[in-house]
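Q: Got a sequence here, can you model it:
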Amino acid sequence: MRSSASNVRFTLARHVYGLTADPGVLDYYERTLFNSRLGKQNLEDGGMSYFLPLGSGYWKYFNSPYDSFWCCTGTGVEEFAKTADTIYFHDDHGIFVNLFIASEVNWPEKRLRLEQQTNFPTEECTGLVFHTERPIDMTLNIRIPGWATSGGSVKLNGTTLPAFASPGSYLTLNRTWKEGDRVEIRLPMRLRMETLPGDRTQQAAMYGPPVLAGRLGTENLTKRMSYVESSTTPPGEAIPAPVVITGPEDRLSWLRPVPGQPLALQTVGQDKTLSLIPLYKLFGERYAVYWKTASSTA
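A: Residues are numbered from 1 along each chain as shown. The predicted structure follows:
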């Protein structure tokens with residue numbers, strides 16, 4: 001996955017949404033944010049990645065501190081200055097909450113400050129707190145993502161409301177808002193598999209918007225191999241992930257959650273037990289995003 005191409009699509013999606021207000025565009029934007037933009041910077045020295053390998057058994061690699069500088073080095077720095085983009089939009093009637101990121105937005109003309117409190121995606125909820133100098137009539141539009149197929153709930157000042165919205169749309173609350181009003185949204189995430197286009201035997205595990213990467217260890221992987229002079233070729237060979245055996249009917253049977261560890265899974269019924277965590281959290285080791293699968297006959 002090339003950084004500059006991802007950046008162009010990321011920016012284009014923001015412009016398309018600004019023209020259409022289509023919440024479906026934000027499903028792509030959110031996925032790109034969590035799975036491409038985050039995790040592209042070396043946590044040790046700030047180096048940036050040009051190309052994010054998705055081939056099984058590769059690893060994240062970055063420009064070296066002194067001997068390489070790519071166009072995507074600048075793009076990467078620029079992207080981390082944009083992390084507040086697109087969380088909120090507004091029209092003449094109200095605010096649109098598009099992304100679930102701890103933040104706040106000020107609307108001076110309305111004398112309104114909206115605070116978002118969340119640890120998403122490690123928790124399945126977000127809270128919105130109103131701070132206003134006087135009561136204000138306004139529409140609050142909360143995006144219900146396409147992945148939120150398990151339903152959800154909304155509370156206003158602690159009381160559950162008898163309403164929700166379909167995935168890929170907005171939940172709209174229109175009322176007079178006062179200082180301290182709090183809206184809580186719960187969006188249960190579920191594990192699902194998405195196949196590689198053109199090859200249904202290659203599958204990636206998704207949990208909400210994050211894609212989960214299998215940890216394949218550090219065999220024959222040195223710290224120096226995390227730095228490259230060439231922007232396109234990893235300095236070493238991949239060690240492929242094992243073929244995964246799935247149930248004849250259940251494509252999720254080879255995975256189970258790790259108790260007490262949000263967004264963490266481990267394989268079951270395989271020759272070797274492997275753990276999976278969000279790709280954006282994984283550094284300094286080999287990984288697998290797409291898994292070659294075979295169905296058992298049992």
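
Q: helix or strand for the nearest residue to residue 287 once chain neighbours are set aside, which one?
A: Residue nearest to residue 287 in three dimensions, not counting chain neighbours: residue 213, with 4.1 Å by C-beta to C-beta, 6 or more residues apart in numbering. For glycine as for every other residue, the C-beta is placed from the backbone atoms N, C-alpha and C. Secondary structure assignment for residue 213, by DSSP states H and E: strand 211-217.

Q: just checking, the residue nearest to residue 287 touches residue 275?
A: No - the pair residue 213 / residue 275 is not scored as a contact, 9.8 Å apart, by C-beta atoms under 8 Å.

Q: Of those two, give the one with the bigger neighbour count.
A: The residue with the greater number of neighbours, taking residue 213 and residue 275 and applying other C-beta atoms under 10 Å, is residue 213; the counts read 26 against 14.

Q: can you tell me which residues contact the more buried one?
A: For residue 213, the residues meeting the contact criterion (C-beta atoms under 8 Å, 6 or more residues apart in numbering) are 276, 277, 278, 279, 282, 287, 288, 289.

Q: for it, which residues make a bridge with it?
A: Under the criterion DSSP bridges, residue 213 forms beta bridges with residue 277.

Q: swap in residue 141?
A: In beta-bridge terms (that is, DSSP bridges), residue 141 pairs with residue 96, residue 172.

Q: cool, residue 191 as well?
A: Taking DSSP bridges, one finds residue 207 as the beta-bridge partners of residue 191.

Q: From residue 144, how far out is it?
A: 19 Å (C-beta to C-beta, to the nearest Å).

Q: ok, now residue 239?
A: Applying C-beta to C-beta, one obtains 40 Å for the distance of residue 239 from residue 144.

Q: circling back: same drill for residue 191 and residue 144, tell me which one is more crowded.
A: For residue 191 against residue 144, the residue with the higher neighbour count under other C-beta under 10 Å is residue 144, and the figures read 20 against 16.

Q: check contacts around that one.
A: Counting by C-beta under 8 Å, 6+ apart, residue 144 has contacts 23, 152, 164, 165, 166, 167, 168, 169, 170, 171, 187.

Q: and if we set it to 10 Å?
A: Residue 144 is in contact with 23, 151-152, 154, 164-171, 185, 187, counting by C-beta atoms under 10 Å, 6 or more residues apart in numbering.

Q: Check residue 29 too.
A: For residue 29, counting by C-beta under 10 Å, 6+ apart, the contacting residues are 9-14, 16-17, 23, 37, 85-86, 98-99, 209.

Q: Residue 36 versus residue 119, what's the distance?
A: Plainly put, residue 119 is 21 Å away from residue 36 if you go by C-beta to C-beta.

Q: The two: who's more crowded?
A: Under the neighbour definition other C-beta under 10 Å, residue 119 and residue 36 were set side by side, and residue 36 has more, 23 against 12.

Q: ok but the more buried one is inside a helix, no?
A: Yes - when DSSP: H, G, I helix; E, B strand; the rest coil is applied, residue 36 is found to be in a helix.

Q: Following element in sequence after the longest helix along the chain, please.
A: Ranked by residue count and defined by DSSP state H, the top helix of the chain is helix 3-20. Using DSSP H and E, the helix or strand that follows helix 3-20 in sequence is helix 23-32.

Q: Adjacent strands (with direction) for the helix or strand following the strand holding residue 213?
A: For strand 211-217, the succeeding helix or strand toward the C-terminus, using DSSP H and E, is strand 227-228. The strands beside strand 227-228 in its sheet (DSSP bridges) come out as strand 62-63 (parallel).

Q: And the nearest residue to residue 258 once chain neighbours are set aside, what's its pLDDT?
A: The spatial neighbour of residue 258 that comes closest, neighbours along the chain excluded (C-beta to C-beta, 6+ apart), is residue 264 at 4.1 Å. In the predicted model, residue 264 carries a pLDDT score of 95.

Q: check contacts around residue 264.
A: By C-beta under 10 Å, 6+ apart, the contact list for residue 264 reads 122, 207, 212, 257, 258, 275, 276, 277, 278, 281.

Q: Residue 35 versus that one, what's the distance?
A: To residue 35, residue 264 is 16 Å away according to C-beta to C-beta.

Q: got it, and residue 214?
A: Taking C-beta to C-beta, one finds residue 214 at 15 Å from residue 35.

Q: what's the burial count for the residue lying closest to residue 25 once chain neighbours are set aside?
A: In this structure, residue 25 finds its nearest non-sequential neighbour in residue 17, 4.4 Å apart by C-beta to C-beta, 6+ apart. Around residue 17 there are 20 other residues, counting by other C-beta under 10 Å.
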